[in-house]
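Engineer: how does the following fold in three dimensions:
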Amino acid sequence: MENSLTGPNPDEHGKLEINSLGIYEGERNENGERHGNGKTLLSNGDIYVGQYRNGFRHGKGIYVFKNGARYNGDWRDGQKYGQGIFWYPDGTRYEGEWRRDTKHGFGIYYYVNNDIYEGSWKDDLRHGIGTYLYADTETKFMGTWMEDRMQGPGQLIYARYHFHGFWRLNLPYGRGCFTFENVCMQHGHYIHVRDPIFDGSTLINMNKIMVEETDNDNKKLKEESPKMGFLPMWRARCITPYNPELLPPEAVPLREEVIKII
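Structural biologist: So this is what the prediction gives:
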């Protein structure tokens, strides 16, 4: 993070500063701090071109990393904060909101395999209402994400049919229904079964649960990390004519998203 001057003052003609914060050329305030428009070549080889305020990157600016990554967008007090685009060395990119150097708010992530996520983020993780497009199959998941995982109500959209249901740690789980071009519905539920080709020695226990005590002595259950080595299996129950009133609940914004909107 860049701050006020720690090295020699600029000469009487120039605005050039060379110290542990890199080589700086640009405007300053009356205290000699970087303030206004400037350019810095940092000691690690990174480059920043943009606005400063009282020694910190603040306003609009472009930061180019030595490894090829770059960020173009808003800054506040030396951190990415506001709207911005980040290009990663592998070709992926994120366009959207930032807060305190993390993806936070609404944003779109373009993956190297052409998949696209569009939705809410929190602390660099997909969190809230979001849509994920699978490029290879042209299917789309629309629903709730929690801490980077599909969790809660959602729907999976195929070319000629949809699945409406619930997700648990990235897998469909529990009751749901398939709808076929708004003509009929197949009701049933998903269970999780072990993948027979998965190496059992590295299998994660799908049912492992932690129990925590709350202040009022009620017990709160928290599931651990995503279930590796399991597959969702559909158990059909019956088929009925299409009736939207029989659909499972749709995804709704998480509490923190509602508070932000208000």
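Engineer: neighbours of residue 101, how many?
Structural biologist: 15 (other Cβ atoms under 10 Å). For glycine as for every other residue, the C-beta is placed from the backbone atoms N, C-alpha and C.
Engineer: confidence score at the nearest residue to it once chain neighbours are set aside?
Structural biologist: Nearest non-adjacent residue to residue 101, counting by Cβ to Cβ, 6 or more residues apart in numbering: residue 79, 4.5 Å away. pLDDT recorded at residue 79 is 97.
Engineer: is residue 79 in contact with residue 100, as I believe?
Structural biologist: Yes. Residue 79 is within contact range of residue 100, at 5.4 Å (criterion: Cβ atoms under 8 Å).
Engineer: so between the two, which is more surrounded?
Structural biologist: With neighbours defined as other Cβ under 10 Å, residue 79 and residue 100 compare such that residue 79 has more, 17 against 11.
Engineer: and residue 166, what are its bridge partners?
Structural biologist: Per DSSP bridges, the residues bridged to residue 166 are residue 153.
Engineer: what residues are up against it?
Structural biologist: By Cβ atoms under 8 Å, 6 or more residues apart in numbering, the contact list for residue 166 reads 152-154, 172-176, 248.
Engineer: how close does it get to residue 99?
Structural biologist: 29 Å (Cβ to Cβ, to the nearest Å).
Engineer: what is the helix or strand hosting residue 94 packed up against?
Structural biologist: Using DSSP states H and E, residue 94 sits within strand 93-99. Counting by 3 or more Cβ pairs under 8 Å, 6 or more residues apart in numbering; DSSP states H and E, the packing neighbours recorded for strand 93-99 are strand 79-87, strand 102-110.
Engineer: so what are the sheet partners of that strand and their directions?
Structural biologist: Assessed with DSSP bridges, strand 93-99 is paired to strand 79-87 (antiparallel), strand 102-110 (antiparallel).
Engineer: picking up where we left off before, and the contacts of residue 166, which are buried?
Structural biologist: Among those, those buried by neighbour count (16 or more other Cβ atoms under 10 Å) are 152-154, 172-173, 176, 248.
Engineer: end to end on stretch 34-49, go ahead and measure it.
Structural biologist: One end of stretch 34-49 to the other measures 12 Å (Cα to Cα, to the nearest Å).
Engineer: list the buried ones in that stretch?
Structural biologist: For stretch 34-49, burial by neighbour count (16+ other Cβ under 10 Å) applies to 34-35, 38, 40, 42, 46-49.
Engineer: so what's the gap between that stretch and the chain middle?
Structural biologist: Averaging C-alpha positions (Cα atoms, centre = their mean, to the nearest Å) puts stretch 34-49 28 Å from its chain's average.
Engineer: do stretch 64-72 as well
Structural biologist: Distance, stretch centre to chain centre, for stretch 64-72: 19 Å (Cα atoms, centre = their mean).
Engineer: got the CA coordinates for that stretch in CSV?
Structural biologist: What follows is stretch 64-72, C-alpha atoms only, in CSV (Å, rounded to 0.1, in the frame of the first residue of the first chain):
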residue,chain,number,x,y,z
VAL,A,64,-0.7,-3.6,-13.8
PHE,A,65,0.9,-6.5,-12.0
LYS,A,66,4.2,-7.9,-13.1
ASN,A,67,2.6,-11.3,-13.7
GLY,A,68,0.3,-9.8,-16.4
ALA,A,69,-2.8,-9.3,-14.3
ARG,A,70,-4.3,-5.8,-14.2
TYR,A,71,-7.1,-3.9,-12.6
ASN,A,72,-8.9,-0.9,-14.1
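Engineer: which residues touch it?
Structural biologist: Here stretch 64-72 makes contact (Cβ under 8 Å, 6+ apart) with 44-48, 61-63, 80, 84-89.
Engineer: cool, and stretch 139-158?
Structural biologist: 119-120, 125-134, 162-172, 226, 248-252, 254.
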